[in-house]
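Fold the following, please.
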Amino acid sequence: MTNYGSIPTSSHPSPPIDLEYISRAKHRIKAGLATRRPWKTMFDLQSMNLPHGFFDAISRIKTNLVYFRANYAVVVLLILFLSLLYHPTSLLVLAVLVVFWIFLYFLRDEPLVVFGHQIDDRTVMICLSVLTIGMLLFTHATANILGAVLTALVLVVIHAAVRRSDNLYLGEDAAAVTEASGLTSYP
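Numbers count the residues shown, from 1 in each chain. Predicted coordinates:
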């Protein structure tokens with residue numbers, strides 16, 4: 001017996017899309033990227049000038065590295081991505097590592113706890129950076145990776161030295177991190 005006009009259905013129903021999960025992920029992405037400072041603030045031309053001396057440059061670098069750390073991580077990853085466009089294997093590895101960066105660094109709203117020990121953001125960033133560079137070196141794109149990382153580090157340090165830090169206002173959490181890590185400078 002045939003049923004004309006009926007729509008055939010599959011015996012295996014497709015899994016429903018979990019809208020709550022997508023909504024939570026979207027909210028976490030927005031909240032995670034909230035630690036990133038506005039690009040307009042980072043590249044404010046009124047706040048750019050040469051430091052008055054070596055110690056002024058060091059002080060600016062220390063303050064700006066703490067204040068713009070999420071922005072600087074994005075810049076380094078972007079430069080690394082652009083350098084790997086002609087190395088598809090390395091690019092695939094970088095894509096997987098970017099997922100790690102997103103979930104372990106940018107989207108965390110709670111401290112990371114491993115084996116009962118709380119791990120701070122700076123340690124997570126250092127570990128992810130070492131993991132990223134190490135994994136990419138295994139893809140035989142060493143010259144591109146080292147060139148990109150060195151270029152990114154030079155650009156970050158130049159920006160951090162040239163960007164005045166006297167008009168930056170660290171929140172209580174960032175000020176505590178700066179003081180605890182020894183990145184404060186006293187005149």
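
residue ranges of the strands in the chain, please?
Here the chain has its strands, by DSSP state E, at 112-114, 117-119.

Which of these has the lowest mean pLDDT?
Mean pLDDT is lowest for strand 112-114 out of those, coming in at a mean of 83.

coming back round to it: V157: which of the strands of the chain is closest?
Of all these, it is strand 117-119 that lies closest to V157, at 25.7 Å by CB to CB. The way it works is simple: take the backbone N, C-alpha and C, and place the C-beta from them, glycine included.

thinking again about what came up before, mind putting the strands of the chain in TSV, distance to H140 and mean neighbour count included?
Formatted as TSV, the strands of the chain follow (distance: least, CB to CB, whole Å; neighbours: other CB atoms under 10 Å):
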stretch	distance to H140	mean neighbour count
strand 112-114	31	11
strand 117-119	31	10
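
Can you add distance to F100 and give those back as CSV?
Formatted as CSV, the strands of the chain follow (distance: least, CB to CB, whole Å):
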stretch, distance to F100
strand 112-114, 12
strand 117-119, 14
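
Of all those, which one comes closest to V96?
In terms of CB to CB, the element of the strands of the chain nearest to V96 is strand 112-114, at 18.9 Å.

List the strands paired with that closest one, with their directions.
strand 117-119 (antiparallel) (DSSP bridges).

List the neighbours of the strand it pairs with that are in contact with it.
Here strand 117-119 makes contact (CB atoms under 8 Å, 6 or more residues apart in numbering) with P111, L112, V113.
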